[in-house]
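J.: Here's my sequence, what's the structure:
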Amino acid sequence: MAVTAGMVKELREKTGAGMMDCKKALVESNGDMEAAGDWLKNKGLSSAGKKSDRIAAEGAVVIDLADDLTKASMVEVNAETDFVAKNEQFQNFASSVAKQVASTGIADVDALNATDIDGTSFEEYVKANISTIGENLVVRRFETVTAGENEVVNGYIHMGGKIGVLVHASFEKAEMKNDVADFLKQLSMHIAALKPTILSANEFDADFVAKETEGMIKTIEKENEERARLKKPLKNIPEFVSKLQLSDAVMAGVEERLKEELKAEGKPEKIWDRILPGKIERYIADNTLLDQQLCLLDQFYALDDKKTVASIIEEKSKQLGGKIEITKFVRYELGEGIEKKEDDFAAEVEAQLK
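T.: The predicted structure is shown next:
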């Protein structure tokens, strides 16, 4: 009996096995669909369905970056084990997913599954790779960032795919593009290491800041108890944790308080204007710990920890002769938020012996 493409497609949908395996099964079974399914099971090839239930928390973050740096797609593709994630076939699969996302411009996984790749639906393409690679594979998330005129996007993959970063920026003059792109690569490395979640404190919710203020102060007080026990210098206890809380009224009060301190120290009033800026800067640093932890522009730059990212961007703008503005960044860390299954090997052996 002649085996048709429709028969192969039907068997693939039922079993999740690869196209060539399905074709061979149908040939061996003389076109009998049920017998072909049994043939695949006996060969251990009809397993995508079972594998799809397993937790996939390993894998890789992959970036597909356009040569002209006007578009970049970053995807997280998960597998079950780190061993498979290092396999060349898995890496090729992950790269093909990133290229598919970039070329189709789709926005979510459901839309991705409905696209076609290599002459078949993307969903079937994933199932075929599950069967051949031998583990559950999940396209967990992805994002595409595009750049227009006087804009550029660049990215960075850290630790062999454990962390991925995309950064988008605008710039004032067209001739700045390559230099800005190089700077974004460095900034991506900073983001990979320092883990910011937002650009600036302006994106914070007031209730979130209030809650974090209480928590941070208690944490530092607790740490100071241990420092005191070890006879180490104590950390300053902040009044605030974000620039959102440093209103004009608050800062005016801080300045008056600092002047009173200088007066009490016997410092001549004529030199206060030289001392105050440094003290105010120190106060801001001590009272914006949340910003430094989570806000990219307020973090101290990884390659020069005496300066904030915002001041580094300002310096780079002056150096290149035009304003640079970071408008967006995306950071993926492999497996974040996935609850990994803890294997009980003894229980597994016991179950096998029953």
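J.: what's near enough to touch residue 294?
T.: Counting by Cβ atoms under 8 Å, 6 or more residues apart in numbering, residue 294 makes contact with 196, 197, 198. Placement of C-beta: from N, CA and C, glycine included.
J.: again, only this time at 10 Å
T.: Counting by Cβ atoms under 10 Å, 6 or more residues apart in numbering, residue 294 makes contact with 194, 195, 196, 197, 198, 200, 201, 203, 204, 208, 212, 242.
J.: Find me whatever residue is spatially closest to the third one, sequence neighbours aside.
T.: Ranked by Cβ to Cβ, 6 or more residues apart in numbering and with sequence neighbours excluded, the top spatial neighbour of residue 196 is residue 296, at 4.0 Å.
J.: circling back: could you export the contacts of residue 294 as TSV, including secondary structure and distance to residue 254?
T.: Putting those into TSV (DSSP: H, G, I helix; E, B strand; the rest coil; distance: Cβ to Cβ, whole Å) gives the following:
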residue	secondary structure	distance to residue 254
194	helix	27
195	coil	29
196	coil	26
197	coil	28
198	strand	25
200	coil	21
201	helix	17
203	helix	24
204	coil	21
208	helix	23
212	helix	20
242	coil	15
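J.: what two of those have the greatest distance between them?
T.: Using Cβ to Cβ, these span at most 19.4 Å, a distance reached by 194 and 208.
J.: Looking at the two, which one has more neighbours?
T.: residue 194 (17 against 13; other Cβ atoms under 10 Å).
J.: and the contacts of residue 294, which are buried?
T.: Buried members of the contacts of residue 294, scored by 16 or more other Cβ atoms under 10 Å, are 194, 196, 200, 201, 204, 212, 242.
J.: Could you check how far the first one is from residue 169?
T.: Residue 194 sits 18 Å away from residue 169 when distances are taken as Cβ to Cβ, to the nearest Å.
J.: What of the third one?
T.: If you measure residue 200 against residue 169 using Cβ to Cβ, the figure is 14 Å.
J.: for residue 305, same thing?
T.: In terms of Cβ to Cβ, residue 305 sits 22 Å off from residue 169.
J.: The two: who's more crowded?
T.: residue 169 (24 against 9).
J.: Using PDB, write out the CA atom coordinates for the helix or strand harbouring the more buried one.
T.: Using DSSP states H and E, residue 169 falls within strand 163-171. Taking C-alpha atoms only, strand 163-171 is exported to PDB below (Å, rounded to 0.1, in the frame of the first residue of the first chain):
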ATOM      1  CA  ILE A 163      21.400  34.600  31.100                       C
ATOM      2  CA  GLY A 164      20.500  36.700  28.200                       C
ATOM      3  CA  VAL A 165      20.100  40.500  27.800                       C
ATOM      4  CA  LEU A 166      18.900  42.900  25.200                       C
ATOM      5  CA  VAL A 167      19.300  46.700  25.400                       C
ATOM      6  CA  HIS A 168      17.700  49.300  23.200                       C
ATOM      7  CA  ALA A 169      18.900  52.900  22.900                       C
ATOM      8  CA  SER A 170      18.300  56.100  20.900                       C
ATOM      9  CA  PHE A 171      21.100  58.500  19.900                       C
END
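J.: how about the nearest residue to residue 93, chain neighbours excluded?
T.: Using Cβ to Cβ, 6+ apart and skipping the chain neighbours, the partner closest in space to residue 93 is residue 129 (5.0 Å).
J.: what's the answer for residue 12, then?
T.: Nearest one to residue 12, counting by Cβ to Cβ, 6+ apart, is residue 22 at 5.0 Å.
J.: which residues touch that neighbour?
T.: Going by Cβ under 10 Å, 6+ apart, residue 22 touches 3, 7-16, 36-37, 39-40, 45-46, 128, 131.
J.: before we move on, the earlier item: could you measure from the residue nearest to residue 196 over to residue 268?
T.: Distance of residue 296 to residue 268, given as Cβ to Cβ: 41 Å.
J.: Tell me which of those two has more neighbours.
T.: Legend: neighbour count by other Cβ under 10 Å for residue 296 and residue 268, higher for residue 296 (24 against 8).
J.: quick one: the more buried one and residue 327 touch, right?
T.: No. Counting by Cβ atoms under 10 Å, residue 296 does not reach residue 327; the two are 11.3 Å apart.
J.: where do the contact lists of these two overlap?
T.: 167, 199.
J.: ok, back up a step: from the buried ones among the contacts of residue 294, which is closest to residue 148?
T.: Checking those against residue 148 by Cβ to Cβ gives residue 200 as the nearest, at 22.1 Å.
J.: Show me where the stretch 1-150 of the chain dips below the pLDDT cut-off.
T.: Counting by pLDDT under 70, the stretch 1-150 of the chain has low-confidence residues at 16, 43-55.
J.: So which residues of it form helices?
T.: Assigned by DSSP state H, counting those that start in this stretch, the stretch 1-150 of the chain shows helices spanning 5-15, 19-28, 33-42, 48-51, 82-85, 88-104, 109-113, 122-133.
J.: Can you tell me which of those is nearest to residue 188?
T.: Of all those, helix 88-104 sits nearest to residue 188, with 16.2 Å by Cβ to Cβ.
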